[in-house]
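**Student:** curious how this folds, go ahead:
(chains A and B)
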Amino acid sequence: MPLDRRSLRIIAFRGLTLTFTLIVVVILTAIIVGATGYDEVILRAVINEQVRAYREELSRPGSQVSPEERERMVREYRDTLVRVYGLDKPWYIRSLSNVPRLVTLDLYVTQEEVAGVLGLRRPLKVGDAIAVALPRTIIMITLAYVISAFISVPIGPYIAYKRGSVFDKSVIVYAAITNAFPVWWIAMLSIFIFGFYLGLAPTSYRPIIAQISKLSDAIYSLNITNIILTFKDILYYSYLPILVVTFSLLGAWLYSARAVAIRVVSEDYVAAARAKGLSESTIVRKYILRVIAGPILTFVILGLAGSIGGYIITETVFDWPGMGLLYYVAIYTGDSPTILALVYVTTLVYIIARFILEVLYVILDPRVKL
Amino acid sequence: MSKMPVKESFISYIARSIKEGLREVLTYNMGRVGLAILVFMVVMSMYSIIVLPGDFPAMWRYVTEPPWIYNPRSALPSWVEYLGFDVSETRTYTAIRPQESRVIINPDDLFRYAPEVERALGARRVALIGYLEVYRVEYNLDSRSYPQDIIVLFNVKASENVNLTNIRVIALLYVTRPDDVILKIGELSVSLNMLNYMKATHEYFSLPYVSYYNLNLTLDEMKTYFNIAVFGKPITSKEFESLRGTYQITLILLYIGIDPREISRLIADRSLSVSVDIKVLGTSYGLLGTDIYGRDLFMGLLFGFPVALTIGFLVSLAIVAIGLTLGVISGYFGGRIDEIIQRAIDIIANIPLLPILILVGVAIQTQGWAGWPALSIIMIILVAFSWGGVAIISRSMALSIKSEPYVEAAKALGASTTRIIFRHIIPQIIPYAMAALVFGVPSAIIAEAGLSVLGIDHGLPTWGRLLADAQANRGVAYNMWWWVLPPGLLLGLFSFAFVALGFTLETIVEPRLRRR
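**Tutor:** Next comes the predicted model:
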């Protein structure tokens, strides 16, 4: 479809405002990280701990270092650490100097604990950390989004069509319930019931790290039996998290799909189609689904883009080493490069998704104006 | 929802529309359920404010202080007994009266009135002349699980002219088991001003008990299995099962140091009163049991009601107020101000809220803030990043209302901007704002709960905090459903009420959703 100049201008303008949004979001985050001074408090504690260990190392019995020499070495060590962590510079330089380097993710994870939660060790580039955490989040959360979308998109219009039926009412109640109970509490409850009481699911989910790396080894070596075997193990570790997130998402998805469809169901042309005696499935497919495809697509694309940030609390409850847990540990240990990189990557993906949608709107709907 | 008559004031219009809205909400099932839960929440909040002491958060924090140390630990709710759970009950015998109280001049009288005191052991330790009080209570054990402990609490009151330091008290605690074995489980000898509490210990287990059962227990094992030794009978030399039946717990107080007749007189004319509570700590307690520290979970949950309502309403109200104001301004005035507000909405909609909240939470914690100030900061952040949705809706409504003929007419008649906004625009947005307000109430308390579960401690015992404690002790807590379930259920019930009300309001204000 050829784009005229006006449409191109609209798209370019949308692209610009979205880029502006991205930049402001990252800079604001950098300011919040830096200005509250919390990372400094945490980093100082880390430095003190390392200096203490170093001093102990030096003053072990049998060491050849004189006390004056030792004090000098400890002082130098502390100064090095202060420089390494950037504490010799004011917060705005320390924090904001990271922002330009985010474009290429040319930053390093500063805290051992952050690398450790992924099953890795430092030195570690933030890009690599995210590359490791992302697939795990996709297995758990994005997959649950996909499942919810596959279930709710075809069913939603039917529910709208049969408004007032028992099925419709139970979907509303289900949506209200899943909306009311936070997903992480359902996670706690299901670990409690299926893990501890019934013994049907694992109670610790950390081994998923080993299983995923086994799977990638098996895929590289094209060992089919190994692939199937490790796939089975991964399924064992992931089925409960996926089920929990899907259970919780499905309510909102069904309700939204229904809400979108309801506006269409009451249109005159649907009534006309019904009067013509068309079958229900034809009406849903041709007259309803086709019309609501746009909003539904928006919903699905934005949902999927949002899902890659992970669920911080739910992943923490499951101890699931994905993006959410990475986020959490990075915040907790004051690892500002990792925090910024996570904010940057998740916002970037979300904004790209929104840009794609904007382009689609402009292409598909000539009425869209600035 | 009816139109706003010209002669009505803005406030009374809002009051009237709330009243009408309420009447309409009650015609929907979901609305009725939501409203019922809301009323329950409000009643519980008021009860909570009346019942709980003002310093309850601090009390809750200190797990090694009274009253929690006088409670059984990890105790189930007491009603589970009726569900077939095998639990021993916790009984408190409050302010019991002494069965004997007399002046002892002749040493033999002591053994006559307090036969638990053994001649051989007791005679050596106890000063045999004094004022004697004997308290006896009966505890019935009908369960396989052993009670955890026996505790005696004293409350000494005296008029100013009584010198308590001169009076000493010897307190002896015995338990007479169903199999007639008498065990000494406590001894205390303090001056009366120091008398406050007494705990059963293994130290005084007398030899006869051990030889009676021919036990091969070391002192350490006795200590570990103290309650088993008291409330159990051995099957083999090391294995026990609980001994069912009626236990008699005897507390003997012997007041010495001054003339026993003088003490008798002081007690008789109420210049001195010693009130005694005996507590047998079972494995069930109260309405909702206790956590691993012995904290009464019912009290903890009760505290959560007013907090949830306050936080929820304040945050939601602020979000709607800011969103409505900025949205109307943005839509009505347009131009540059509109552009700025729209960009701001774009940015706050893209800022990852939860990470920022966690960040601020951790920052607050590292600064050592706690309690309401810490919670208020979290609430402010929540408001600052959440008003976008309401603003978008208000803006689009303001835009469309602005170009209605009657607004044009009002303008032509010389109506001021304020008048148009408050007469014509806001009243029409109010119903939608109400729905948004109701939907928004749970978000704050759920965010707070999530932050708590992540370990951010603002120091108030909210429902989230209780869950966080359970999560922090997950190894044990996962066997304690009464710790994990109720806070989450209340959280869910609370949100469900508002979701249900929100759905109902949405159906009312959006006529297209109404069933034909």
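**Student:** counting neighbours, what do you get for residue B:463?
**Tutor:** Neighbourhood size, residue B:463 [other CB atoms under 10 Å in any protein chain shown]: 28. Bear in mind the C-beta positions are built from the backbone N, C-alpha and C, glycine included.
**Student:** which residues does it contact?
**Tutor:** Neighbour list for residue B:463: B:301, B:304, B:308, B:445, B:449, B:487-488, B:490-491 [criterion: CB atoms under 8 Å, 6 or more residues apart in numbering or on different chains].
**Student:** check residue A:364 too.
**Tutor:** By CB under 8 Å, 6+ apart, residue A:364 lies in contact with residue A:294.
**Student:** same check on residue B:285?
**Tutor:** If you count contacts by CB under 8 Å, 6+ apart, residue B:285 has them with B:71-72, B:75-78, B:90, B:296.
**Student:** try residue B:263
**Tutor:** By CB under 8 Å, 6+ apart, the neighbours of residue B:263 are B:103, B:130-131, B:167, B:255, B:272.
**Student:** following the longest helix along chain A, which helix or strand comes up?
**Tutor:** Selection of the longest helix in chain A by residue count, based on DSSP state H, yields helix A:224-265. Helices and strands here follow DSSP states H and E; after helix A:224-265, the next one along the chain is helix A:268-275.
**Student:** now the most centrally placed residue in chain B. Nearest residue, chain neighbours left out?
**Tutor:** The centre of chain B sits closest to residue B:300, judged by CA atoms, centre = their mean, with a distance of 1.2 Å. In space, and not counting its chain neighbours, residue B:300 is closest to residue B:461: 4.8 Å by CB to CB, 6 or more residues apart in numbering or on different chains.
**Student:** break chain A down into its structural domains.
**Tutor:** With domains defined by automatic domain parsing, chain A comprises A:27-126, A:128-369.
**Student:** winner for burial among the ones you listed?
**Tutor:** domain A:128-369 (a mean of 19; mean count of other CB atoms under 10 Å in any protein chain shown).
**Student:** and that domain, how far out from the chain middle?
**Tutor:** A distance of 11 Å separates the centroid of the chain from that of domain A:128-369, by CA atoms, centre = their mean, to the nearest Å.
**Student:** what do you get for stretch B:418-429?
**Tutor:** 44 Å.
**Student:** quick one: which of the contacts of residue B:285 is most hemmed in?
**Tutor:** Neighbour counts for the contacts of residue B:285, by other CB under 10 Å, peak at residue B:75, which reaches 27 neighbours.
**Student:** where's the nearest residue to that one once chain neighbours are set aside relative to residue B:152, distance?
**Tutor:** Closest residue to residue B:75 apart from its sequence neighbours, by CB to CB, 6+ apart: residue B:285 at 3.8 Å. As judged by CB to CB, to the nearest Å, residue B:285 and residue B:152 stand 18 Å apart.
**Student:** residue B:497 now?
**Tutor:** 44 Å.
**Student:** not counting sequence-adjacent ones, nearest residue to residue 256?
**Tutor:** Assuming you mean chain A. residue A:299 (6.2 Å).
**Student:** I was thinking of chain B, sorry if that wasn't clear
**Tutor:** residue B:130 (4.0 Å).
**Student:** I figured the one you found hits residue B:106, correct?
**Tutor:** No - applying CB atoms under 8 Å as the test, residue B:130 and residue B:106 come out as separate, 11.8 Å apart.
**Student:** which one's more surrounded, those two?
**Tutor:** With neighbours defined as other CB under 10 Å, residue B:130 and residue B:106 compare such that residue B:130 has more, 24 against 9.
**Student:** quick one: contacts for the more buried one?
**Tutor:** Contacts of residue B:130 by CB under 8 Å, 6+ apart are B:104, B:170, B:254-256, B:260, B:263.
**Student:** hmm, who's touching stretch B:23-33?
**Tutor:** Outside stretch B:23-33, the residues touching it (CB under 8 Å, 6+ apart) are A:172, A:176, B:34-35, B:497, B:500-501, B:503-505, B:507-508.
**Student:** so who does the nearest residue to residue B:113 once chain neighbours are set aside touch?
**Tutor:** Distances taken as CB to CB, 6+ apart place residue B:100 nearest to residue B:113, at 4.8 Å, with adjacent residues excluded. In this structure, residue B:100 makes contact with B:113-114, B:132-134, judged by CB under 8 Å, 6+ apart.
**Student:** for residue B:100, list each beta-bridge partner.
**Tutor:** residue B:134 (DSSP bridges).
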